[in-house]
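Undergrad: All I have is the shape, not the residue letters:
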């Protein structure tokens, strides 16, 4: 259902499709979101599917709320003014023009909902179908409930079951309790539980299955609907991922043939090599709400993972060779097994994985050689104290180093800059605008704003531990679940807000950071900081301020600069350069000059150069290349003399 991305087939439903076939049960995946996309412009649907930053206004859900609850103009007007028009930049809101466009998209989409649901009622021979399953992730819950309500009214014989991330734990129990047209809910990994449940149900027996809540089972046991909390914990996590089938995407690729694809993102197949998080099971990041009860890390063997990719390419490779891993984090063991073997196959892929940010240069290089052109490294901040509050297990310099290596090897990192963490101090942000201004030649964050308190995160599960009180659902939930009480809304919500010390100050000490990030996001086609080293001289091209400056580093300056290509301690720089005959005084002077020119950044006694070496996969943006060529010509006569005039474009540092 909407608002699933139209460019991605559903991994969850496609796995269940294959599992049902193993049991001899006929099934079909209906991509009804493609219907809705065809009623709108692809760009408008895509914008709603991606959502506004952090999705705190739940605009996609709101577009289907009237179909579920009935018309209420007053309620809708209040939503549009109180929620969608909130102009708090620190809460990830948008500028006025963007808000107007966002509001108009929502109103246009809502006007199409009735036509869409009518088409859904004609999309299948519902009278001949026994079971209808809805997967619900992100902004799919209200649209799924709206169609389920219509289906149950028109075809009472249908057995309707919900599953997916929006049904984990008490969210699934609350869905069953509050919506009488839903017959059952799967509250966890349903790979084995749901096919078994379906087989028993189709045989004419009332099924009882761990992790699947049913209305009949609750009534028969005499317990309050739904079952006791233990029954909402879901099936036990799947341990042997190698035994899972390959996802069957046939229904998607058949359906997409009838949908105009112009304007949508390139089609990507989802694949899966692991579940859970090997970092999170040791150090659960404070704001992460993924995995729920499935944090324990499990992964497929490298051979099984490769088999799946090869099978997908054999089946659907003529349509796309873009694949995205659904993993929360790439298995660490894959660096020595899966990735090298994938590289050796020369499959010409464009892969995406989520990963930790403390990668080595060799690992980033391996990513690129294996086809990983995009990663999501979970950077989140450029301040080590704030990263410690998050339990990220990484430093600011490591995050910057990764961004530099990504540029060097042409790997696109997708990351967010977050702030507003309980326990952070204004002092943590004093130097952030200046630091961010020095790295504008690297990939900017996709979004910048306050951290969310998500269900299942430590902030939600143990708020008192972090000084968080008055945890309540985001205000938008009151409008999309308008027919329910606040206690029930709290059980259905995934995004929460809370109170903590210093909360009122966050906007004031982060506003400059937001400004810098916005400028950074708009300047990517013009800026660069790169260098080339030849015969002991390093030529640096610095275009971070919109102009183009050439700095020529010689002697100890060039050597110190090259030694800072990776994070290095001050004592190691002094030690290494001492072996080349340089005393500590000149080395310290060189480091001070490099820091003063913003070619190197430092944290404590550790240093890192910011410049990207030419000669790898890095190519400066076209406009920056043009400026380099012009400046090289203009400064050709200056390379043999030291220039100290501040506004001069060529400086020799000897």
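TA: Ah, there it is. A quick note: this is a predicted structure, and the numbers were derived from the prediction, not measured.
Undergrad: Residue 118 and residue 468, how far apart?
TA: For residue 118, the distance to residue 468 (CB to CB, to the nearest Å) stands at 45 Å. From N, CA and C alone the C-beta is placed, and that goes for glycine too.
Undergrad: So which of the two has more stuff around it?
TA: residue 468 (22 against 11; other CB atoms under 10 Å).
Undergrad: Could you pull up the residues touching the more buried one?
TA: 422, 453, 459, 498-500 (CB atoms under 8 Å, 6 or more residues apart in numbering).
Undergrad: May I see the ChimeraX selection of the buried members of those?
TA: Entered in ChimeraX, the line below selects the buried ones among the contacts of residue 468, by 16 or more other CB atoms under 10 Å:
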select :422,453,459,498,500
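Undergrad: Taking the contacts of residue 468, tell me the two that lie furthest apart.
TA: Greatest spatial distance among these (CB to CB): 459 and 499, at 12.1 Å.
Undergrad: Residue 534: which of the contacts of residue 468 is nearest?
TA: Closest to residue 534, out of all of the contacts of residue 468 and judged by CB to CB, is residue 422, at 50.7 Å.
Undergrad: Give me the distance between that closest one and residue 383.
TA: Taken as CB to CB, the span from residue 422 to residue 383 is 15 Å.
Undergrad: how about stretch 163-181: buried residues?
TA: For stretch 163-181, by 16+ other CB under 10 Å, it's 163-179.
Undergrad: which ones among the residues you listed are found in strands?
TA: residue 163 (DSSP state E).
Undergrad: quick one: residue 513 and residue 432 touch, right?
TA: Yes. Judged on CB atoms under 8 Å, residue 513 makes contact with residue 432 at a distance of 5.1 Å.
Undergrad: So for stretch 501-512, mean pLDDT?
TA: Stretch 501-512 shows a mean pLDDT of 95 in the predicted model.
Undergrad: Buried residues, it. List them.
TA: 506-507, 509-510.
Undergrad: Kindly report the same for stretch 245-259.
TA: For stretch 245-259, using 16+ other CB under 10 Å, the buried residues are 245-249, 251-253, 255-256.
Undergrad: Now find how far off-centre it is within its chain.
TA: 24 Å (CA atoms, centre = their mean, to the nearest Å).
Undergrad: Touching it from outside, list them.
TA: 6, 9-11, 14-15, 17-19, 21-22, 28-31, 34, 37-38, 267, 269-272, 308, 311-312, 315-316, 319.
Undergrad: Please pick the buried ones from the residues you listed.
TA: 6, 9-11, 14-15, 17-19, 29-31, 34, 37-38, 267, 269-272, 308, 312, 315-316.
Undergrad: Sitting in helices, which of those residues do you find?
TA: 11, 14-15, 17-19, 34, 37-38, 308, 312, 315-316 (DSSP state H).
Undergrad: check contacts around the closest residue in space to residue 170 that isn't next to it in sequence.
TA: Closest residue to residue 170 apart from its sequence neighbours, by CB to CB, 6 or more residues apart in numbering: residue 491 at 4.8 Å. Contact analysis of residue 491 by CB under 8 Å, 6+ apart lists 170-171, 173-174.
Undergrad: so how far is residue 134 from residue 491?
TA: Residue 491 is 18 Å from residue 134, by CB to CB.
Undergrad: so what's the residue most central in space within the chain scoring on pLDDT?
TA: With distances taken as CA atoms, centre = their mean, residue 376 lies nearest the centre of the chain, 6.5 Å away. On the pLDDT scale, residue 376 is placed at 97.
Undergrad: hang on, it packs against residue 411?
TA: No. Contact criterion CB under 8 Å: residue 376 and residue 411 do not qualify, at 11.2 Å.
Undergrad: where does residue 221 land on pLDDT?
TA: So residue 221 comes in at 56 (pLDDT).
Undergrad: Same check on residue 102?
TA: Taking residue 102 on its own, its pLDDT is 85.
Undergrad: Show me this protein divided up by domain.
TA: With domains defined by automatic domain parsing, the chain comprises 13-29+126-250, 31-123, 273-522, 529-653.
Undergrad: Now do the end-to-end distance for the second one.
TA: I take that to be domain 31-123. One end of domain 31-123 sits 10 Å from the other (CA to CA, to the nearest Å).
Undergrad: Distance from the chain centre to that domain, please.
TA: For domain 31-123, the distance to the chain centre is 21 Å (CA atoms, centre = their mean).
Undergrad: before we move on, what about stretch 334-341?
TA: That offset, for stretch 334-341, works out to 23 Å (CA atoms, centre = their mean).
Undergrad: measure that stretch end to end?
TA: 9 Å.
Undergrad: For that stretch, buried residues please.
TA: For stretch 334-341, by 16+ other CB under 10 Å, it's 334-335, 338-339.
Undergrad: before we move on, the earlier item: got the buried residues for the helix or strand the residue nearest to residue 170 falls within?
TA: Following DSSP states H and E, one finds residue 491 within helix 486-492. Within helix 486-492, the residues that count as buried by 16+ other CB under 10 Å are 489-492.
Undergrad: In the stretch 101-250 of the chain, what residue spans correspond to strands?
TA: 131-135, 159-163, 184-186, 212-214 (DSSP state E, counting those that start in this stretch).
Undergrad: ditto for the stretch 501-650 of the chain
TA: Going by DSSP E, counting those that start in this stretch, the stretch 501-650 of the chain shows strands at 529-534, 537-542, 549-553, 568-569, 600-603, 606-609, 612-613, 650-653.
Undergrad: distance between the last one and the chain's centre?
TA: Chain-centre distance of strand 650-653: 42 Å, with CA atoms, centre = their mean.
Undergrad: ok, it: who's next to it in the sheet?
TA: strand 549-553 (parallel) (DSSP bridges).
Undergrad: and if you look at the fourth one?
TA: Strand 568-569 sits in its sheet next to strand 606-609 (antiparallel), going by DSSP bridges.
Undergrad: can you give me the end-to-end distance of stretch 182-195?
TA: OK, stretch 182-195 end separation, CA to CA: 18 Å.
Undergrad: so residue 239 touches residue 299, yeah?
TA: No. Look at residue 239 against residue 299 with CB under 8 Å: they stay out of range, at 10.8 Å.
Undergrad: neighbour count winner among the two?
TA: Each of residue 239 and residue 299 has its neighbours counted (other CB under 10 Å); residue 299 has more, 23 against 10.
Undergrad: got a list of what that one touches?
TA: Here residue 299 is in contact with 241, 273-275, 305, 327, 331, 333-334 (criterion: CB under 8 Å, 6+ apart).
Undergrad: if we can go back for a sec, next up, phi/psi of the residue nearest to the centre of the chain, please.
TA: Backbone torsions of residue 376, given as degrees, to the nearest 10, read phi -120, psi 100.
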